[in-house]
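Participant: Need coordinates for the following:
(2 chains)
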Amino acid sequence: MQASNGSSGQALDDVVVVDLTHHIAGPYATKLLADFGADVIKIERPEGDIARRFGPFMGDEPHIEKSGLFFFLNTNKRSVVLDLRTDAGKTALEALIRRADLVVESFRPGVMADLGFSWERVHELNPKASMVSISNFGQDGPYRDYRLTELVLYGFAGEMYSMGETSREPVKMAGTAALFESGSSIAAALMGLLWSNKRNGEGQYADIALTETHFGGVDRRHATAIGYQYSGRKTLRTAGAGSGMPQGIYPCADGYVDFTNAALRPDRILDMLNYPDWATDPKYQDPMARLNAELIDEWNAHFIAWCLERTKREIWAEARRAKVMCGPLFSMQDLYEDDHFRDRGFWTKVEHPVMGEVEMPGRPLIMQEGGWKIRRPAPLLGEHTEEVLREAGLSDDVIAAVKEGAK
Amino acid sequence: MRKPLEGVRVVDLCVVWAGPFATMILGDLGAEVIKVENPFVFQPMTRGALARPPRELLLANLAWAGGYPNNEPGERPWNHCPTFVSLYRNKKSFTVDLRRPEGMDILRRLVEKSDVVYENNATGTMEKLGITYEWLKSIKEDIIYVRVPAYGSTGPYSNARALGVHLEAVMGHTLLRGYDDADPSSNTAIYSGDYLAGAQGAFAVMAALWHREKTGKGQLIEIAQAENASAMFTQAIMDYTMNRRVQQAIGNRDIHGRYPCGVYPAKSPGTPEDQGDHWIAIHIENDEQWKAFGKAIGSPDWALDPRFATNEGRAEHYREIDQRIAEYTKDQDDYELMHRLQAAGIAAAPVLEASRMFDDPHLRARNFFREQTVEGAGTKEYVGPMWQLKGTPIEFLQPPVLFGEHNEYVYKEVIGVSDEEYEALKAAGHITMDFDPSVP
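Facilitator: From the prediction side, this is the model:
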């Protein structure tokens, strides 16, 4: 299919996506396609994607064109406002579907069919396109219509149960990390479907449940299920710090450092510490010492003292020298001011007509050929309605009716 | 229909989680993924912490790491670490010692017949073996080579050793997550960065294959895992770049400020040890839902308190509300309460301990689980695929792969070594289904 945004030389510059997703997971998936060249036509309701109403906002001013979240999730896309309950809106969507490689939606199950765009109808309009429905629990089954948010998704389908302290409630990840995980998985699915289209000359339908992207994901949930099936043991909440030599997160002079699993290489720990007498004591060198709680406590008392005399950056430098696994706990300010990431080109600046200059994390990965590029900022609501519908060959009358209906 | 990646061959030099998750996705989509394994070198955290872990160590580890079949290391423990098993369906495995010239020659001959080489080893590991993009390109002009250095291949941190949990600390996650009233050392290790880098690595391979189809060009792809993970913290990062605000941990509260949002104790049937450790996650997103919630729990006085009628009011009094909700939920069955609240249009679900998913009626109705038989582990149910593709369903054709399971196939059918050469390589220790006894 010929993409209408011209050839950018990017890997996916010949791909057209009709994107009916909103909020975070779906838009993050289609953003990845857009950032690598795809022409992603974002269909918005007249009131706009809900993500436009979520902060942070530029200057802390709530405004549908000032959401930093929406901005990050929608770079390189074009926005078309359609009221799909109107005839003109339906006519416009039909025309767009005829030109698409992928149709992606995240309405509640059944809504697309109610609007007249079931998979059968989409397939009839464009046999070469694949269609993806993203939903909370899938398109069928008893929980089909159940609601989810970040917390409930991660609680039910992710590994939240074993996170936190034994005596307290389980605790989730930061922000909406689980939805970004799902979005990454969906981006891979969309690429798989593009290949399926190419291989088969025909599209197919995919039912993606956010819950299922977590049950089967790499972040421990799958492994805790196998661990249970194999051993009968459940993965419960347990303290991480101080249960190894070293293990977990430690305080230091100006914050914290994480030494999870660093004890796998005791030789390197000794090197990092520069072989002090206390650490070279033979009683700690016996592999069975790591199962002896008393010895572990004793070792950790020495180690905490060593950490408290140093800053997180000093400790990390020593760890890097000795090839010890370690990570200092950075704040967003630490990260923003860090030269390593800035010098590598991690940050990127994009001009936006309402927000002005916006700085955000740039490329998620570096492709030598046909790689990531910002061609345009996130779209204003309905910015491209007329442009896109004209490209789709719709008449002035239909375009006028679409705009009237979308008010 | 043909599987999306049928005919694509991937050489898998991956370790730990982020790389194997990417190649698992490629295998699920029909690519032939061939894992290259060395019988003389054990990569910790891939096929377990140790090749031959003592039973005590397994028991000391959490079940997701140490839950081997029947809590025994067994005859070939390297086939049974749960984290390994979770990432190695739909892959093939063969063994070769890449530290020896004849081993590297075998790799060269495999690369000749492959499309993609994927690695996520510690910086320097590939170079030490002599595996570089230039070398791979000299063997196969249009090869796609993916590398996943923790902090990128340039800059002062390029040599830092890291698992997902360390680089997430650097990208801000560890200070942003966890209880809002405890210090961060209470945080449990997580590996969400491996999820992101793995899924996006699979995406990148398929995008590069797409580009190759159009241009004939292969390429080198670098995924600096730390940079890649940053997307998960978009709200916190953008708040800093736009408003210079340093966000802090907010526990289970909603980053978009909709109250209440929390995890509350629940009573459920189960074994005595379960009592008191069941929890329900509840998130009320607007004023209408708050009203519906009050009704669904029998309209107690506190739920009708006008101070809580608006989100602003609930935000101001969230601790009081959380306490009230917890007092109510502690006598409720978590599943029963989920159904009742969901019927009222409220997002709620048990915080599920992993074993309970196998009893969930919804997942059963979706035929989510798959049976697989693994030597030494018997026949068990495994978590199903991440997506239901209706035209080319993801099948678990190859169970989690045994060490060296496909030696004959890879050497003879893919690479084309003669029977004589095969026997010679076997005698030299390259071909085996066991780690060398020198490996701990």
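
Participant: going forward, measure contacts between C-alpha atoms and count neighbours the same way
Facilitator: Noted.

Participant: And the residue most central in space within chain A, which helix or strand is it part of?
Facilitator: For chain A, residue A:180 is the residue whose C-alpha lies nearest the centre (C-alpha atoms, centre = their mean; 2.2 Å). If you go by DSSP states H and E, residue A:180 is part of helix A:177-200.

Participant: So for that helix, what gets flagged as buried?
Facilitator: Buried residues in helix A:177-200, counted by 16 or more other C-alpha atoms under 10 Å in any protein chain shown: A:177-199.

Participant: So the chain: which segments form each domain?
Facilitator: Went with chain A since none was named. Chain A breaks down by automatic domain parsing into domains covering A:16-219+A:346-405, A:249-330.

Participant: right idea, wrong chain: chain B
Facilitator: Split into domains by automatic domain parsing, chain B comes to B:9-231+B:368-427, B:261-351.

Participant: mean pLDDT for the ones you listed: which is lowest?
Facilitator: When the domains of chain B are compared by mean pLDDT, domain B:261-351 comes last with a mean of 93.

Participant: Run the contact check for it versus chain A.
Facilitator: Yes - using C-alpha under 8 Å from any C-alpha of the partner chain, domain B:261-351 comes into contact with chain A via B:261-265, B:279, B:281-283, B:342-343, B:345-351.

Participant: In helices only, show me those.
Facilitator: The helices, defined by DSSP state H, take in B:342-343 from the residues of domain B:261-351 next to chain A.

Participant: ok, of the residues of domain B:261-351 next to chain A, which come out buried?
Facilitator: Buried, going by 16+ other C-alpha under 10 Å: B:261-265, B:279, B:281-283, B:342, B:345-351, out of the residues of domain B:261-351 next to chain A.

Participant: where along the chain do the strands fall?
Facilitator: Went with chain A since none was named. Using DSSP state E, the strands found in chain A span residues A:16-20, A:39-44, A:77-81, A:102-105, A:130-135, A:205-209, A:249-252, A:255-258, A:327-328, A:347-352, A:356-361, A:366-367.

Participant: Wait, chain B was what I had in mind.
Facilitator: B:9-12, B:32-37, B:92-95, B:116-119, B:144-147, B:219-222, B:261-266, B:278-283, B:347-350, B:370-374, B:378-382, B:388-389.

Participant: Name the residues that touch the first one?
Facilitator: By that I understand strand B:9-12. With contacts defined as C-alpha atoms under 8 Å, 6 or more residues apart in numbering or on different chains, strand B:9-12 is touched by B:20, B:23, B:31-36, B:110-111, B:113-119.

Participant: With stretch B:168-177 instead?
Facilitator: Contacts of stretch B:168-177 (C-alpha under 8 Å, 6+ apart): A:172-175, A:258, A:327-332, A:335, B:184, B:187, B:193, B:226-227, B:229-230, B:233, B:247-251.

Participant: do stretch A:20-28 and chain B meet?
Facilitator: No - applying C-alpha under 8 Å from any C-alpha, one finds stretch A:20-28 out of contact with chain B, separated by at least 9.1 Å.

Participant: Ends of that stretch, what's the gap?
Facilitator: Between the opening and closing residues of stretch A:20-28 lies a distance of 12 Å (C-alpha to C-alpha, to the nearest Å).

Participant: again, but for stretch A:31-51
Facilitator: Counting by C-alpha to C-alpha, you get 14 Å between the two ends of stretch A:31-51.

Participant: Can you point out the buried residues in it?
Facilitator: For stretch A:31-51, burial by neighbour count (16+ other C-alpha under 10 Å) applies to A:31-46, A:48-49, A:51.

Participant: Relative to the whole chain's centre, how far out is that stretch?
Facilitator: The chain centre lies 15 Å from the centre of stretch A:31-51; the measure is C-alpha atoms, centre = their mean, to the nearest Å.

Participant: what does stretch A:308-318 give?
Facilitator: 31 Å.

Participant: what's in contact with that stretch?
Facilitator: Under the criterion C-alpha under 8 Å, 6+ apart, residues A:251-257, A:272-273, A:307, A:326-329 lie in contact with stretch A:308-318.

Participant: Using a markdown table, lay out those together with neighbour count and distance to residue A:234.
Facilitator: Shown next, in a markdown table, are the contacts of stretch A:308-318 (neighbours: other C-alpha atoms under 10 Å in any protein chain shown; distance: C-alpha to C-alpha, whole Å):
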| residue | neighbour count | distance to residue A:234 |
| --- | --- | --- |
| A:251 | 20 | 30 |
| A:252 | 21 | 33 |
| A:253 | 16 | 37 |
| A:254 | 13 | 36 |
| A:255 | 19 | 33 |
| A:256 | 26 | 29 |
| A:257 | 28 | 28 |
| A:272 | 19 | 35 |
| A:273 | 17 | 36 |
| A:307 | 21 | 33 |
| A:326 | 29 | 28 |
| A:327 | 31 | 28 |
| A:328 | 28 | 30 |
| A:329 | 29 | 29 |
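
Participant: so which of these are also by chain B?
Facilitator: Among the contacts of stretch A:308-318, the residues within reach of chain B (C-alpha under 8 Å from any C-alpha) are A:251, A:256, A:326-329.
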